[in-house]
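In: Please work out how this folds:
(2 chains)
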Amino acid sequence: MTNNKNLKDRTLGEAMQDHGISRRSFLKFCAATASMMALPPSMIPAIARALETAKKPSVIWLSFQECTGCTESLTRSHNATLENLIFDSISLDYHHTLQAASGEAAEEAREEAMQENWGEYLLVVDGSIPTKDMGYSTIAGMSNLDMFLQTAAGAAAIISVGTCAAFGGIPHAHPNPTGAYSVYDIIKMYGNASLDGISSASISNTSGGSVADKPIITVPGCPPIPVVITGVLTHYLTFGTIPELDHLGRPKAFYGQSIHDRCYRRPFYDKGLFAETFDDEGAKKGWCLYKLGCKGPTTYNACATTKWNNGTSFPIESGHPCLGCSEPDFWDGGGFYKALSVPTIDIPSTVVYAAAGGAAAGVALGALNKNKKSNAIRQHTKTTIDDLEKE
Amino acid sequence: MSEIEFLNWVRGPAFEIATVIFIAGVIIRFLEIFLLGRKTNLAEAKGSEMSSGLRTIVSRSIPDKNTFKRSSFKIVSGYIFHLGLLVTIFFFAPHILLFKEVLGFSWPSLPTAIVDAFAVVSIITLIAVLIHRLRDNVLKFLSSTEDYLVWLLTILPLITGYIAFHRIGMTAPTLLAIHILSVELLLVAFPFTKLMHAFTLLIARWYNGAISGYRGVQS
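Out: Numbers count the residues shown, from 1 in each chain, chains lettered A, B, ... in the order given. Got it, this is the predicted structure:
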């Protein structure tokens, strides 16, 4: 978080040595990271070499409409040697929750980092961006939208951390009073907009920055798993590229499989053994939580494998169904405790209204048919032998 | 529209539309049948309409020897895919939850492996049924567009359900949404096509038996 030149010029290897991290634990970290990202063991030395020689990359972290849960998740990680290692190894030049500076000094730090590392810094965003009224969320008198577009223009890549930045999250949930959108949507809507009105005088070399074609990595979750964000950063530091992403921009290594497919309770689902309530025999025996609204079958995340709190457990393991927090619009999915196969509407009353309407229409149609029938009988003329002989 | 928005739409407004059309449509069709009435039969009754009608509901479900010999493929395949549909629709845990929501009560489910097997057998049988229909000249001549539509609407939920369960090709939310949508299409077409036989079957069989019963002959 410091702007000290000497610190910045050091490589990650030097920074780690300063932190008293042994070569052995460093290699262990590289092996764990390679394994998490589904890279072959042969990549471990490459990761180690790349991390040792990489210069501390500048990271600017912008927080918009968010609850700070993502930062809490990442900074309160129990594993001091893994996640913190990476955070100690980057130059987090701006993070208004974590930085000591405030007001103009903080903004100066951001602009200075942008100026010095134009085109090379990583931009991490948590929180959604309001578009309805710019006054809904401002930082140092600057709207979230302006600050994002200005900072994104010089970024090498953008990492949307948390479901709010990734998909709009809770602020975007119906009825979305602030007109909140995800980073991806904002870039789609404003990516080609002119930055003239919002560029700062202190950032002189902002030329050539096009926001529209910036690579975006989405790391959704409410909050996201700490190891996922560090995994993404490690990948970037090692290969200088962004990891392989799925159709929603999520790293495939972490979001490649659904919670349901990796859930340790899956055998109970297949056997047809379910917890019906939170305190029944099934719940006590650890049976499947599908009937209690588990969104595991439609949710892609690494919770079931990497787990939380230093590998202790994940929500399903502690007896609660998955909320589907790493998927878009999880807040508007018709209720956390409603099973996926159950419609989100009030089916019984729909059935009653439809039956009443159907009965009324059926009676009316029946009357019309009867009328048609009696008309046909009335208009029926008998054919006699004489009529037939005329032909 | 994102895949989750699509899923929410099929689980919400689309399901509501399909339910309204299905329920109202079935009731309209029933009322149309019943309200049309029957001419008073002036002949003296020579037996009971009710008992003969009820007996026929059961007896017509069991093919006689000669009919079975003549149309063994049709009868066997018909039984297989109808049984498969019964198991997959009514004994898969997520489906039972839907019925519980509507009816207020539920029943035990079968393990997914068994339901899966029934689904696969039903799909294969339905394909065989279509091939048979296309290869048999008489059947082909008698088949209308509606017959092929009804076949498609029946096999689609089975195929989409199988793919959604095994997550083949697309992401889970999209596959689940497509499966639910295919069921909604079936519900919408149900009252206005031959699919209605699921409900009219029993009253039609009863009526056949009742006519014979009134005349005092074996149905």
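In: burial of the closest residue to chain B within the stretch 51-200 of chain A, as a residue count?
Out: The nearest approach of the stretch 51-200 of chain A to chain B comes at residue A:167, 7.7 Å away (C-beta to the nearest C-beta). For every residue, glycine as well, the C-beta is placed using N, CA and C. The number of residues packed near residue A:167 is 27, by other C-beta atoms under 10 Å in any protein chain shown.
In: and if you look at residue B:82?
Out: 13.
In: Likewise for residue B:23?
Out: 23.
In: OK, contacts around the nearest residue to it once chain neighbours are set aside?
Out: Excluding the flanking residues, the one nearest residue B:23 by C-beta to C-beta, 6 or more residues apart in numbering or on different chains is residue A:354, at 3.7 Å. Each residue near residue A:354 by C-beta atoms under 8 Å, 6 or more residues apart in numbering or on different chains is listed here: B:19, B:20, B:21, B:22, B:23, B:24.
In: host element of residue A:354?
Out: In the assignment (DSSP states H and E), residue A:354 maps to helix A:347-378.
In: What's the separation between residue A:192 and residue A:186?
Out: Applying C-beta to C-beta, to the nearest Å, the value for residue A:192 to residue A:186 is 12 Å.
In: picking up where we left off before, got the contacts of residue A:354 as a markdown table, with pLDDT and secondary structure columns?
Out: Below are the contacts of residue A:354 laid out as a markdown table (pLDDT from 0 to 100; DSSP: H, G, I helix; E, B strand; the rest coil):
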| residue | pLDDT | secondary structure |
| --- | --- | --- |
| B:19 | 95 | helix |
| B:20 | 96 | helix |
| B:21 | 97 | helix |
| B:22 | 97 | helix |
| B:23 | 96 | helix |
| B:24 | 97 | helix |
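In: For those residues, which two are the farthest from each other?
Out: B:19 and B:24 (9.1 Å; C-beta to C-beta).
In: Name the nearest residue to the residue of the stretch 201-350 of chain A found nearest chain B, sequence neighbours excluded.
Out: Across the stretch 201-350 of chain A, the shortest distance to chain B (C-beta to the nearest C-beta) belongs to residue A:341, at 3.5 Å. In this structure, residue A:341 finds its nearest non-sequential neighbour in residue B:94, 3.5 Å apart by C-beta to C-beta, 6+ apart.
In: got a list of what the one you found touches?
Out: Residue B:94 neighbours (C-beta under 8 Å, 6+ apart): A:290, A:339, A:340, A:341.
In: Just the element for the closest residue in space to residue A:139 that isn't next to it in sequence, please.
Out: Spatial nearest neighbour of residue A:139, excluding adjacent residues (C-beta to C-beta, 6+ apart): residue A:147 at 5.9 Å. Using DSSP H and E, residue A:147 sits in helix A:144-152.
In: Could you check how far residue A:289 is from residue A:389?
Out: 84 Å.
In: so what's residue 191 closest to, chain neighbours aside?
Out: Let's take chain A. Closest to residue A:191 by C-beta to C-beta, 6+ apart is residue A:212, at 3.3 Å.
In: should've been chain B
Out: Using C-beta to C-beta, 6+ apart, the closest residue to residue B:191 is residue B:25 (2.8 Å).
In: ok, now how distant is the one you found from residue A:255?
Out: From residue B:25 across to residue A:255, the span is 42 Å (C-beta to C-beta).
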